[in-house]
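Mind folding the following:
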Amino acid sequence: MNGIRIITKLPYRQWRSFSRCSILHQEIAQAAAPLTIPLPEGVDKPVSPKIEKLVTDITQLNLLEVSELSQVLKKRLNLPDAPVMPAGGFAIAAPAQEEEVATPKAVKTNFTVKMTKFDDKQKVALIKEVKSLLEGFNLVQAKKFVESVPTIVKADISKDEAEKLKEALSKVGAVIEIE
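The predicted structure follows:
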């Protein structure tokens, strides 16, 4: 009781420092608590006794009891029936591949234009061309773009647009690949 009276008579500054000290004391006490050591990678983490009991009970069931258990769990948990794979499941997949071969392959519609090299003598012209062809590029960005070769100029564009871009950049000394 006397301790409380002393604390209430303290000025605000002393009260504040007292509360800081008590908070620090609590933090130190928590830090001194024993730490748990993490388990090595190869070792299984400990399992709760409840789970361990369930595992031992399930492993002691025979095949009919396991079937019954799965049916009851499916009903209670509203799980759909899992598709059963036939014994010759891999043999069934083989004819599907033959059908794929018979169908024509899809035509590629999206292309990527990639600049692999450029002529050092025409570097200035190439930078100006990149600045004019690529939207949002200023001169400094175009210079950095050209110097970072090999790089992708544009991706997911049509074949006509890719051809036009290749032609325009090839005129100013760039080596372009269309993928």
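
Touching, residue 130 and residue 137? I think so.
Yes. In terms of C-beta atoms under 8 Å, residue 130 counts as a neighbour of residue 137; the distance is 6.5 Å. C-betas here are computed from N, CA, C, even on glycine.

Show me the common contact partners of those two, please.
Between them, residue 130 and residue 137 share the neighbouring residues residue 145, with contact defined by C-beta atoms under 8 Å, 6 or more residues apart in numbering.

Out of these two, name the residue with the larger neighbour count.
When residue 130 and residue 137 are compared for neighbours, residue 130 comes out ahead with 23 against 16, by other C-beta atoms under 10 Å.

nearest residue to the more buried one other than its sequence neighbours?
Counting by C-beta to C-beta, 6 or more residues apart in numbering, residue 142 is the residue found nearest to residue 130 once chain neighbours are left out, at 4.4 Å.

measure that neighbour to residue 160 for me?
24 Å (C-beta to C-beta, to the nearest Å).

Look at these two and report which has more neighbours.
Neighbours per residue (other C-beta under 10 Å) separate residue 142 from residue 160, with residue 142 holding more: 19 against 9.

The more buried one: what's it in contact with?
127, 128, 130, 131, 134.

Tell me which of those fall in helices.
Of these, the ones assigned to helices by DSSP state H are 127, 128, 130, 131.

Taking these, tell me the two that lie furthest apart.
When the ones in helices among the contacts of residue 142 are compared pair by pair using C-beta to C-beta, the two farthest from each other are 128 and 130, 7.4 Å apart.

Can you give me the distance of residue 142 to residue 156?
Taking C-beta to C-beta as the measure, residue 142 and residue 156 are separated by 21 Å.
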